[in-house]
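Asker: Okay, structure incoming, though there's no sequence with it:
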């Protein structure tokens, strides 16, 4: 016969395992956000003053005015090893300065930046002396405002640790429609989740879902004339999540107009 003490021990063991299983299941059902928080990796960082050209074009991602696009000044250009020919546009990175007692701020505070530009390589300079964005080096060319959050701005280049994190956005994704009678383009901004778009589809009133290809940066294109039709968009991000926004733009939409859709949660 099993003693009372043994029964209590078995019950406690089963209860503990049930609790662990319940917590694990809850994390999966909530969307697995832990997958968006990656391990720290080593890189380097410099800062660059925002110039007039970047404020107009939004750099290699095509965002235009970064304040208007909702990204503010906590932004960075990525070396080609990180930029991925534009696939990383809109991704969020947590960065902290490490292992430099003179330039890193005390306590190595971190800051979250959005990838909005490309840091071009300079093959005429060594990797450690001006060629910081040369492949395969992982490097962040941060805005002054962002850099000031982790290091002294008089620093030349500092060693950092970084990891991808979830993007916290206010409001829905924004779709800026451009193109012509021969093709349709859309610039997508303010993307939540991991912020890194991997696939886009568009649908008009008289069409099925049309796959769009990356034109450059975060501008997507398909060869279709969608004028005079209400538009719906389906956006998929790197982590696998998909959000569909139906009837984002009315049939009366005009080129260069921006419309707000749903957001990743």
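Answerer: Nice, thanks for sending it over. Not measured: the values here are computed from a predicted model.
Asker: where do the strands sit along the chain?
Answerer: Applying DSSP state E to the chain gives strands spanning 41-48, 75-78, 92-97, 110-118, 139-143, 158-165, 174-179, 184-189, 197-203, 209-216, 219-222, 231-237, 242-249, 258-260.
Asker: Given the shortest one, what are its sheet partners and their directions?
Answerer: With DSSP bridges as the criterion, the sheet partners recorded for strand 258-260 are strand 174-179 (antiparallel).
Asker: quick one: the strand it pairs with to strand 231-237, angle?
Answerer: For strand 174-179 against strand 231-237, the angle by axes from the mean of the first three to the mean of the last three CA atoms, to 10 degrees is 120 degrees.
Asker: one step back: of all the strands of the chain, which lies closest to residue 128?
Answerer: Nearest of the strands of the chain to residue 128, taken as CB to CB: strand 41-48 at 9.0 Å. Backbone N, C-alpha and C define where each C-beta goes, glycine included.
Asker: if we can go back for a sec, switch the strands of the chain over to a markdown table, and while doing so, append distance to residue 127 and mean pLDDT to every line.
Answerer: Shown next, in a markdown table, are the strands of the chain (distance: least, CB to CB, whole Å; pLDDT from 0 to 100):
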| stretch | distance to residue 127 | mean pLDDT |
| --- | --- | --- |
| strand 41-48 | 9 | 95 |
| strand 75-78 | 16 | 95 |
| strand 92-97 | 19 | 97 |
| strand 110-118 | 17 | 96 |
| strand 139-143 | 9 | 96 |
| strand 158-165 | 13 | 97 |
| strand 174-179 | 37 | 95 |
| strand 184-189 | 33 | 97 |
| strand 197-203 | 30 | 98 |
| strand 209-216 | 26 | 97 |
| strand 219-222 | 31 | 97 |
| strand 231-237 | 32 | 98 |
| strand 242-249 | 39 | 98 |
| strand 258-260 | 40 | 97 |
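Asker: Point out the one among these that comes closest to residue 60.
Answerer: strand 110-118 (3.6 Å).
Asker: quick check: angle from the closest one to strand 158-165?
Answerer: Going by the same axes, to 10 degrees, strand 110-118 makes 90 degrees with strand 158-165.
Asker: now for strand 110-118, which elements pack on it?
Answerer: For strand 110-118, the packing partners by 3 or more CB pairs under 8 Å, 6 or more residues apart in numbering; DSSP states H and E come out as strand 75-78, helix 80-83, strand 92-97, strand 139-143.
Asker: what comes up buried for that strand?
Answerer: 110-111, 113-118 (16 or more other CB atoms under 10 Å).
Asker: possible to save the residues you listed as JSON lines with distance to residue 219?
Answerer: Output for the buried residues of strand 110-118, formatted as JSON lines (distance: CB to CB, whole Å):
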{"residue": "110", "distance to residue 219": "30"}
{"residue": "111", "distance to residue 219": "27"}
{"residue": "113", "distance to residue 219": "21"}
{"residue": "114", "distance to residue 219": "16"}
{"residue": "115", "distance to residue 219": "15"}
{"residue": "116", "distance to residue 219": "13"}
{"residue": "117", "distance to residue 219": "14"}
{"residue": "118", "distance to residue 219": "14"}
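Asker: from those, which is closest to residue 187?
Answerer: The nearest one, if we look at the buried residues of strand 110-118 relative to residue 187 and count by CB to CB, is residue 116, at 12.4 Å.
Asker: Excluding covalently adjacent residues, which one is nearest to the closest one?
Answerer: Nearest non-adjacent residue to residue 116, counting by CB to CB, 6 or more residues apart in numbering: residue 75, 4.4 Å away.
Asker: That neighbour and residue 146, how far apart?
Answerer: 6 Å (CB to CB, to the nearest Å).
Asker: who touches both of these two?
Answerer: residue 113 (CB atoms under 8 Å, 6 or more residues apart in numbering).
Asker: When those two are compared, which one has more neighbours?
Answerer: residue 75 (25 against 21; other CB atoms under 10 Å).
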